[in-house]
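> after the sequence you'll find the predicted model.
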Amino acid sequence: DAGVIQSPRHEVTEMGQEVTLRCKPISGHDYLFWYRQTMMRGLELLIYFNNNVPIDDSGMPEDRFSAKMPNASFSTLKIQPSEPRDSAVYFCASSPTSGGARETQYFGPGTRLLVL
Amino acid sequence: GQNIDQPTEMTATEGAIVQINCTYQTSGFNGLFWYQQHAGEAPTFLSYNVLDGLEEKGRFSSFLSRSKGYSYLLLKELQMKDSASYLCAAALNDYKLSFGAGTTVTVRA
């Protein structure tokens, strides 16, 4: 299996621009998670999906952030408009359903976002 | 809220043993994960404990005490490649993981 795939791997943009991050989960995994990692706040869960349906978006920092999962093999995280404080590494992770909350989450390589 | 505490940094010598402690206070608990993250890379799974006791996996072992809200990761026969950040994460009742800030382990020759 190719593992979780994320694109782009690096993104540099200017404040106010729209940023779209993409994720392809491991085939057969029903759960998809979006995380943000910074030195100050560590690894934070932003939102997660089950069978393409958003279950918990309480970690989304504000309305500038939105996430979608139109099908089982694709998800996007969009920031509009972007701000310098959004600079971070954004990880996507997926896990199967069978073990419930005990299932291991498999992380993608991350997208390093820099907003100037 | 969730509270996961672990030391920020640890340094050890190649071939030595290092123990990384993690304490947690969470609303809901379904076990304790440890992930390894090398600089610039994604976190990768190391271990999972749901019952009290020690789980051994090669050079790495993980311990859990649910009554004390405490876990540790033991790294034996340290190698240079073990230099990384180690993340403690509590599995909550709703498929979410709550991560600690991570412990950066530096292995010196």
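Everything's here; your move.

> closest to the centroid, which residue in chain A?
Most central in chain A under C-alpha atoms, centre = their mean is residue A:34, positioned 2.9 Å from the mean C-alpha point.

> wait, it sits on residue A:88?
No. Using C-beta atoms under 8 Å, residue A:34 makes no contact with residue A:88, being 11.5 Å away. C-beta here means a position set from N, CA and C on the backbone, and glycine is covered the same way.

> before we move on, back to that, ok, and the closest non-adjacent residue to the residue nearest to the centre of chain A?
What sits nearest to residue A:34 in space, not counting adjacent residues and going by C-beta to C-beta, 6 or more residues apart in numbering or on different chains, is residue A:46, at 4.5 Å.

> that neighbour: what secondary structure?
Classification of residue A:46 by DSSP: H, G, I helix; E, B strand; the rest coil places it in strand.

> so what's it up against?
For residue A:46, the contact set (C-beta atoms under 8 Å, 6 or more residues apart in numbering or on different chains) comprises A:34-36, A:57, A:59-61, A:65, A:67, A:77.

> neighbours around residue A:6, how many?
22 (other C-beta atoms under 10 Å in any protein chain shown).

> who does it form a beta bridge with?
In this entry, residue A:6 is beta-bridged to residue A:23, by DSSP bridges.

> any regions of chain A where pLDDT drops low?
By pLDDT under 70, the low-scoring segments of chain A are A:1, A:98-101.

> where exactly do the strands run in it?
Applying DSSP state E to chain A gives strands spanning A:5-7, A:10-13, A:19-24, A:31-38, A:42-50, A:53-56, A:65-71, A:74-79, A:88-95, A:106-107, A:111-115.

> reformat these as TSV; add distance to residue B:52.
Output for the strands of chain A, formatted as TSV (distance: least, C-beta to C-beta, whole Å):
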stretch	distance to residue B:52
strand A:5-7	37
strand A:10-13	43
strand A:19-24	36
strand A:31-38	27
strand A:42-50	26
strand A:53-56	29
strand A:65-71	37
strand A:74-79	37
strand A:88-95	24
strand A:106-107	27
strand A:111-115	38
